[in-house]
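# fold the following, please.
(chains A and B)
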Number of protein chains: 2
Amino acid sequence: MSARPLQDYLSSCREMIAAEIRRVIPRDDRHTGGLYRLMLDYPLRPGKALRPALCLAVCRALGGAQSAVLPTAAVLELYHNAFLIHDDVEDASSKRRHELTLNALHGVPSAVNVGDGMLALAIGPLLDNMAVIGVGRALRILRLIARMACETAEGQMIELNWIKSGAVPRRLGEYSRLVHKKTAWYSFIAPMSAGAIIGGAQHETVARIARLAIPLGIAFQIQDDVLNLATCGDAYGKDSLADLWEGKRTLILIHAINAAPHEDRATALEILAKRQPRLGTELDTSARAHERSASDVEFLRRLVELHGSLDFARQRARRFARRFRAGLAHEADGWARSRHRDFLFELADYAIDRAT
Amino acid sequence: MSARPLQDYLSSCREMIAAEIRRVIPRDDRHTGGLYRLMLDYPLRPGKALRPALCLAVCRALGGAQSAVLPTAAVLELYHNAFLIHDDVEDASSKRRHELTLNALHGVPSAVNVGDGMLALAIGPLLDNMAVIGVGRALRILRLIARMACETAEGQMIELNWIKSGAVPRRLGEYSRLVHKKTAWYSFIAPMSAGAIIGGAQHETVARIARLAIPLGIAFQIQDDVLNLATCGDAYGKDSLADLWEGKRTLILIHAINAAPHEDRATALEILAKRQPRLGTELDTSARAHERSASDVEFLRRLVELHGSLDFARQRARRFARRFRAGLAHEADGWARSRHRDFLFELADYAIDRAT
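Predicted coordinates:
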């Protein structure tokens, strides 16, 4: 199957959503310290617009109207970008979508505040939704998004604690639970559920579609982590090997550490107990000793190579993608043929084959 | 007038709100990385509970029921605490209410995320409000709070830009606009407006009460800044002279700089162009040269002393407090006598006489 129709679908979504976001974010920046200009930065950088596309596709595949789902899809993209801004602060990242992060460009205080402003601004269109999709559906969407933001914060907290305490989960179930909360909820479960609600689905159908979103989300996350490790230099848009510098507990790293012999495992855990080097501060040598070095990162990279952890992760991703495809085939059995339905099927391959 | 009834009113509010917040924040913290335990930290530290008290007092003075207003009052306190957490990150503060800040205790990443979680959690009770105060009023409250969060982010952005660019406003109107957005909106305008809406006020009455909140808010903020400078050591619960270390553009500092002769003004601006010393990093001497030193802070303190800027600020605060009292007397003319109404009148004195 060619990826062209899928790319076209994503591009057309991206354009619609960019226009909608420009409509939602105020233009008048005279007495706002430039808040709204900074809010536009991340959403207008080249991204996949995957979340709004998922939301649109599910809604329209169920027979819902584009005009009904567009504001909600744009809000999901706003939330996504607000989370990215705060994530970049929390991970002290310097690159995002091939450019400097907001924290690197404007400092941590501004980045924290711009993210807060976006979370605040996103509530407006969800209230305006009442007039677009009715009070009942608009309230279901509000509940969904409030839950989504809580789940994301819970997932983020679990991961921050792993990093802070130097813990590495021994069971893959712990990894799946993290991905479920931290990424799948806001990137897959909420967009697809919102699409279903606006498309007119009953509660049980929405619940089934939400369950379907989980394996797709895990497949996407694993492939994301594979790309971060397998891609050199800047092609990926984030720092090179950023996940290893950050000490991120990816499926790949978890596999490598749990497969390693005792001594290597101990060394890896020591490396993970160190801190990620911080941005923009000149530390003296004694402080540097507590930070991960280039040779530490190289040790982790070789551990991953030695134990075939990239292949292990790719295999797992394929399994989750197949699970999504099987579930979708069952669910979409009665749906009319449409390019929206096709897009959802194409995602199963895209999740694990994409190069960015 | 004795401050006892006012203190009693605040204490009883504080207890009610603490109980409500304990009800709203989930107890089950098994799969959340401790997110909800950290959320409870700031709200349970000894604070004034001024925002919920304002909300309750206006609602009940208008004849509204306590059970109707309690969830909204608790949400306002949650927002307040989420803003405090992110504020402490943005200002790199180390003390809050006589204890270490969340960022000092658990690091910036956790603090950013706990604030995000609180903002997400606060949406739930605002949706549950539909069943408590009806769909119409609940939606007005949601709109109000969404606007409040945007105004706060705008104000914060203006202030961050002043600090980053080393700018000091020359006109007091710029200072008032900052306080209006950054503090008055979420601490006075939104709580009093929400109380009025839940108390059954029509749109025009709500608008008048919102306007009344502005001078009260400015009086409070000026007194806050006076206390920060006039109180020694830890009595105030924040770092000693924290505002000067931070380079905060208080009315006091703005007055002192604008009253100073050319040379002193230039020195002060040079000091304000430096950065606040950062927490927890050991910088070398060249980096320290770009940070404000103890003698810089002493220079600013003496400038304030020299130009009588504390007295100027106290005078202004009194003027705003009188304006609030006159407006309230007019507005509350037809209200039945109650301790809620009395509390609002007592606030005019409390705003400028309080010691913490």
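
# contacts for whichever strand or helix holds residue A:254?
Element membership of residue A:254 [criterion: DSSP states H and E] is helix A:251-259. Taking C-beta atoms under 8 Å, 6 or more residues apart in numbering or on different chains as the criterion, the residues outside helix A:251-259 that touch it are A:168-170, A:172, A:175, A:222, A:225-226, A:229, A:243-244, A:265, A:268-269, A:300, A:303-304, A:306-307, A:309-310, A:312-313, A:316. C-betas here are computed from N, CA, C, even on glycine.

# which one's the longest helix in chain A?
In chain A, assigned by DSSP state H, the helix with the most residues is helix A:135-165.

# residue boundaries of the helices in the stretch 1-150 of chain A?
Listed in chain order, the helices of the stretch 1-150 of chain A (DSSP state H, counting those that start in this stretch) span A:4-24, A:35-44, A:50-61, A:66-90, A:102-106, A:108-121, A:123-133, A:135-165.

# what does the pLDDT read for residue A:30?
In this prediction, residue A:30 carries a pLDDT score of 85.

# how much space is there between it and chain B?
Counting by C-beta to the nearest C-beta, to the nearest Å, the separation of residue A:30 from chain B is 10 Å.

# burial check on that residue, number of neighbours?
6 (other C-beta atoms under 10 Å in any protein chain shown).

# cool, and the one 10 residues further on?
With neighbours defined by other C-beta under 10 Å, the count for residue A:40 comes to 17.

# contact partners for it?
So residue A:40 contacts A:21-22, A:25 (C-beta under 8 Å, 6+ apart).

# pLDDT, neighbour count and distance to chain B added to these, as TSV?
Putting these into TSV (pLDDT from 0 to 100; neighbours: other C-beta atoms under 10 Å in any protein chain shown; distance: C-beta to the nearest C-beta, whole Å) gives the following:
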residue	pLDDT	neighbour count	distance to chain B
A:21	97	23	15
A:22	96	13	17
A:25	97	19	11
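
# quick one, what contacts the residue nearest to residue A:108 when sequence neighbours are not counted?
The shortest distance from residue A:108 to any residue that is not its chain neighbour, by C-beta to C-beta, 6 or more residues apart in numbering or on different chains, is 5.5 Å, and that residue is residue A:89. For residue A:89, the residues meeting the contact criterion (C-beta under 8 Å, 6+ apart) are A:103, A:108, A:111-112, A:115, B:108-109, B:112.

# looking at chain A, which helix or strand is least sure?
Using mean pLDDT, DSSP states H and E, the weakest-scoring helix or strand in chain A turns out to be helix A:285-288, at a mean of 66.

# what's in contact with whichever helix or strand comes after that one?
Stepping forward along the backbone from helix A:285-288, the first helix or strand reached (DSSP H and E) is helix A:294-306. Residues outside helix A:294-306 that contact it (C-beta under 8 Å, 6+ apart): A:229, A:241, A:244-245, A:252-253, A:256-257, A:260, A:264, A:267-268, A:271, A:274, A:309-310.

# okay, now residue A:84: neighbour count?
Here the count is done by other C-beta under 10 Å, and residue A:84 has 21 residues near it.

# pLDDT (mean, whole number) over stretch A:226-238?
For stretch A:226-238, mean pLDDT rounds to 67.

# run a quick neighbour tally on residue A:326.
The local packing count at residue A:326 equals 13, with neighbours defined by other C-beta under 10 Å.

# my error: substitute residue A:59 in the last question.
Residue A:59 has 29 neighbours, counted by other C-beta under 10 Å.

# my read: it touches residue A:67, true?
No: because the distance of 10.6 Å does not satisfy C-beta atoms under 8 Å, residue A:59 is recorded as not touching residue A:67.

# can you pull out the strands in the stretch 151-300 of chain A?
Along the stretch 151-300 of chain A, no stretch is classed among the strands by DSSP state E, counting those that start in this stretch.

# in contact with the residue lying closest to residue A:63 once chain neighbours are set aside, which residues?
If the residues on either side of it in the chain are set aside, residue A:63 comes closest to residue A:199, at 6.3 Å by C-beta to C-beta, 6+ apart. Residues near residue A:199 by C-beta under 8 Å, 6+ apart: A:58-64, A:69.

# could those go into CSV alongside pLDDT?
Putting those into CSV (pLDDT from 0 to 100) gives the following:
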residue, pLDDT
A:58, 98
A:59, 98
A:60, 98
A:61, 98
A:62, 98
A:63, 97
A:64, 98
A:69, 98
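
# which one of those residues is nearest to chain B?
The closest of the contacts of residue A:199 to chain B turns out to be residue A:69 (C-beta to the nearest C-beta; 20.6 Å).

# who's in contact with that closest one?
A:55-56, A:59-60, A:194-195, A:198-199.

# now distance to residue A:296 too, for those residues, in a markdown table please.
A markdown table is the format used below for the contacts of residue A:69 (distance: C-beta to C-beta, whole Å):
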| residue | distance to residue A:296 |
| --- | --- |
| A:55 | 41 |
| A:56 | 43 |
| A:59 | 47 |
| A:60 | 48 |
| A:194 | 42 |
| A:195 | 43 |
| A:198 | 48 |
| A:199 | 49 |
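
# what two of these are the furthest from one another?
By the measure C-beta to C-beta, A:60 and A:194 form the most distant pair in the contacts of residue A:69, at 12.6 Å.

# the two: which is more packed in?
Taking residue A:60 and residue A:194 together and counting by other C-beta under 10 Å, residue A:194 has the greater number of neighbours (29 against 21).

# residues contacting the more buried one?
Residues touching residue A:194, when contacts are defined by C-beta under 8 Å, 6+ apart, comprise A:55, A:59, A:69, A:72-73, A:76, A:141, A:144-145.

# all set, thanks.
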